[in-house]
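Participant: sequence? don't have it. structure:
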């Protein structure tokens with residue numbers, strides 16, 4: 001086998017399997033361990049993989065930190081998490097994938113009498129002090145940038161677990177229904193989760209249609225329920241419905257901006273005109289057009305009579321006199 005061909009096979013193997021020790025790499029490629037180490041060194045020097053203790057992992061595209069991802073479309077994530085949390089029943093074993101939407105879901109599961117198993121370190125931090133939740137942290141190699149656990153130890157832990165529900169995350173859903181991830185090393189763990197759950201719920205906000213990603217996780221046939229936003233691509237949702245997937249759409253509740261403070265209304269002064277009202281009332285009230293000022297040094301004109309201004313709401317006399325035309 002040509003060295004270049006062997007290198008491509010090695011990289012494909014690492015993308016599919018995640019972290020592999022040198023012995024397994026040599027066995028899968030049908031070469032000696034010395035040749036496998038030499039290939040790993042060549043690809044590592046070329047920047048195409050990362051050497052780890054005893055083996056290697058394929059190097060993917062630059063990944064955004066977890067904290068940056070968490071603030072993106074937060075209202076959409078919370079809407080999806082709220083809808084997903086409503087499907088969980090007390091006493092169930094729930095498997096939570098990595099990601100920021102599953103973290104929002106974990107926050108909505110606090111205080112529930114359930115068991116949560118996860119490879120998501122952010123979920124672990126959220127639930128570790130909750131006395132009601134039984135928390136199971138899967139083993140594996142820590143990925144600090146995305147706060148997750150990966151590798152053969154994680155997959156081995158999942159092989160001993162069977163959950164009632166898996167809430168699966170994704171970085172993108174293609175128009176044909178393929179579910180993707182941007183990080184090759186996470187895909188084998190996600191696929192192991194699919195095999196470890198009775199019911200699979202895919203959590204995908206509207207931004208994930210089509211989103212991004214190069215590694216395929218699964219397709220519509222592997223999903224039981226899709227929980228997403230009302231604004232998600234209708235064509236892709238139709239593909240899932242045609243495959244028999246239950247599609248649940250959640251309405252995003254965006255907090256309304258605070259209304260600007262209204263300017264103070266000018267003080268209104270009410271005058272009471274003596275004399276019978278046209279409708280038979282003993283008095284007729286009408287708002288003054290402007291602040292009432294004292295009128296001094298003037299005698300009432302013919303046909304005019306003095307009246308007293310009173311404050312409308314309280315009915316308290318102001319002691320200010322003005323004139324209104326007699327009727």
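Facilitator: Looks like it arrived, so ask away. Because the structure is predicted, anything quoted here is derived from the model rather than measured.

Participant: and the residue nearest the centre of the chain, what element?
Facilitator: Centroid check for the chain by C-alpha atoms, centre = their mean gives residue 77 as the closest residue, at 1.7 Å. Residue 77 belongs to helix 74-85 when elements are defined using DSSP states H and E.

Participant: so the residue nearest to the centre of the chain makes contact with residue 100?
Facilitator: Yes: with contact defined as C-beta atoms under 8 Å, residue 77 counts as touching residue 100 (6.3 Å). Using the backbone N, CA and C atoms, a C-beta is placed for each residue, glycine as well.

Participant: number of residues surrounding the closest residue to residue 166 other than its chain neighbours?
Facilitator: Distance criterion C-beta to C-beta, 6 or more residues apart in numbering; nearest residue to residue 166, sequence neighbours excluded, is residue 197 at 3.5 Å. Residue 197 has 22 neighbours, counted by other C-beta atoms under 10 Å.

Participant: residue contacts, residue 197?
Facilitator: Residue 197 sits next to 95, 162, 163, 164, 165, 166 when contact means C-beta atoms under 8 Å, 6 or more residues apart in numbering.

Participant: turn these into a markdown table, including secondary structure and neighbour count.
Facilitator: Formatted as a markdown table, these follow (DSSP: H, G, I helix; E, B strand; the rest coil; neighbours: other C-beta atoms under 10 Å):
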| residue | secondary structure | neighbour count |
| --- | --- | --- |
| 95 | strand | 28 |
| 162 | coil | 13 |
| 163 | strand | 22 |
| 164 | strand | 16 |
| 165 | strand | 22 |
| 166 | strand | 24 |
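
Participant: picking that back up, dig out what the residue nearest to residue 166 forms beta bridges with.
Facilitator: Residue 197 forms beta bridges with residue 163, as assigned by DSSP bridges.

Participant: tell me where the stretch 51-200 of the chain has helices.
Facilitator: 66-71, 74-85, 100-108, 121-127, 152-159, 187-195 (DSSP state H, counting those that start in this stretch).

Participant: ok, which of the ones you listed comes nearest residue 56?
Facilitator: helix 152-159 (13.0 Å; C-beta to C-beta).

Participant: for that closest one, give the mean pLDDT please.
Facilitator: For helix 152-159, mean pLDDT is 94.

Participant: buried sites along that helix?
Facilitator: For helix 152-159, a neighbour-count test (16 or more other C-beta atoms under 10 Å) marks 152, 154, 155, 157, 158 as buried.

Participant: just to be sure, residue 244 is in a strand?
Facilitator: No: counting by DSSP: H, G, I helix; E, B strand; the rest coil, residue 244 falls outside a strand, being coil.

Participant: about what we covered before: looking at the contacts of residue 197, which is nearest residue 122?
Facilitator: Relative to residue 122, and with distances defined as C-beta to C-beta, the nearest of the contacts of residue 197 is residue 95, at 15.2 Å.

Participant: and the closest one, bridged to which residues?
Facilitator: residue 117, residue 166.

Participant: all strands for the stretch 1-150 of the chain, in order.
Facilitator: 20-21, 49-52, 55-58, 93-96, 115-118, 134-137, 141-143, 148-150 (DSSP state E, counting those that start in this stretch).

Participant: all good on my end, thank you.
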